[in-house]
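**Student:** output the structure for:
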Amino acid sequence: MSEYLIPTGEAQATLVEKRSEFIGHVWPIETEEEARACIEWAKKKYHDARHNCWCYIVKDGAVRYSDDGEPQGTAGQPMLGVFQKEGVTNVCCVVTRYFGGILLGAGGLVRAYTQASKMALDEAGISVVRRWVEVLVDCPYNFFERVKLEVTALNGVVGDVDYTDHVTVHALLPEGQEGPFGARITELSAGSFSAVEVGESFKAVPLAE
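**Tutor:** Numbers count the residues shown, from 1 in each chain. Just a heads-up that it's a prediction; the model follows:
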């Protein structure tokens, strides 16, 4: 089963370190051209900044980074390391630095660029792209919380919930987990209700926090 992680959306975060302002910006991208467009946008928007350091990872493609005038190895590579550690791909990140007049040293720069990138990624959130099976469970209200627990136990995601005289739970399960989930629901309910498969798709879904 093929799956990978991407940023959920575009996001920004700001870090101030010894009067220097570091503005981290993250985008989900799919091509190198999209990544370069994001970098150019940042350079134009923050044209008066001392540095616009960047990195990007394209799934099954290019991996690039730039220190943009900072000492070698203190910006682009540490930024790239944030996304590699988290296993996130199809991502572009630019960290803009407005110099505050106080030198941070190599170690301070590495920490600041790393932290600004991680803050921006945290703000964006992470989604998993994989094949999902959509299921519906019609159950009494007293089973609602248990059904949700069974979904999350299999790394699934609870979606819309319809409330009438009973509860209808819409959920997405990773491909291959629909069988175990259905068996578990039938067991829990002693056969009084069941899980029904209603479709499947290959898409990005935010990871539960």
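
**Student:** domain assignment for this structure?
**Tutor:** For the chain, automatic domain parsing gives the domain ranges 4-124, 130-206.

**Student:** deepest of those, which one?
**Tutor:** For those, ranked by mean neighbour count under the definition mean count of other C-beta atoms under 10 Å, the leader is domain 4-124 at a mean of 19. For glycine as for every other residue, the C-beta is placed from the backbone atoms N, C-alpha and C.

**Student:** between its first and last residues, how far does that domain reach?
**Tutor:** Across its full length, domain 4-124 reaches 16 Å between end residues, using C-alpha to C-alpha, to the nearest Å.

**Student:** so how far is it off the chain centroid?
**Tutor:** Here domain 4-124 shows a centroid-to-chain-centroid distance of 15 Å under the convention C-alpha atoms, centre = their mean, to the nearest Å.

**Student:** quick one: pLDDT of the residue positioned nearest the centre of the chain?
**Tutor:** By C-alpha atoms, centre = their mean, the chain has its centre lying nearest to residue 126, at 1.3 Å. Residue 126 carries a pLDDT score of 96 in this model.

**Student:** pretty sure it is touching residue 8, no?
**Tutor:** Yes: counting by C-beta atoms under 8 Å, a contact exists between residue 126 and residue 8, whose distance comes to 6.3 Å.

**Student:** any weak-confidence spans in this structure?
**Tutor:** Low-confidence regions of the chain, defined here as pLDDT under 70, cover residues 1, 208-209.

**Student:** go again using 50 as the cut-off
**Tutor:** 1 (pLDDT under 50).

**Student:** can you check which helix is longest in it?
**Tutor:** Of all the segments of type helix in the chain, defined by DSSP state H, the longest one is helix 105-124.

**Student:** contacts for that one, please.
**Tutor:** For helix 105-124, the surrounding residues in contact (C-beta atoms under 8 Å, 6 or more residues apart in numbering) are 7-15, 17-18, 20, 22-26, 28, 53, 55, 70-71, 73-76, 78-79, 81-83, 86, 88, 91, 93, 95, 97, 104.

**Student:** over to stretch 180-192?
**Tutor:** The set of residues that contact stretch 180-192 without belonging to it, under C-beta under 8 Å, 6+ apart, is 135, 137, 139, 143, 146-147, 150-151, 154, 156, 173, 193-195, 197.
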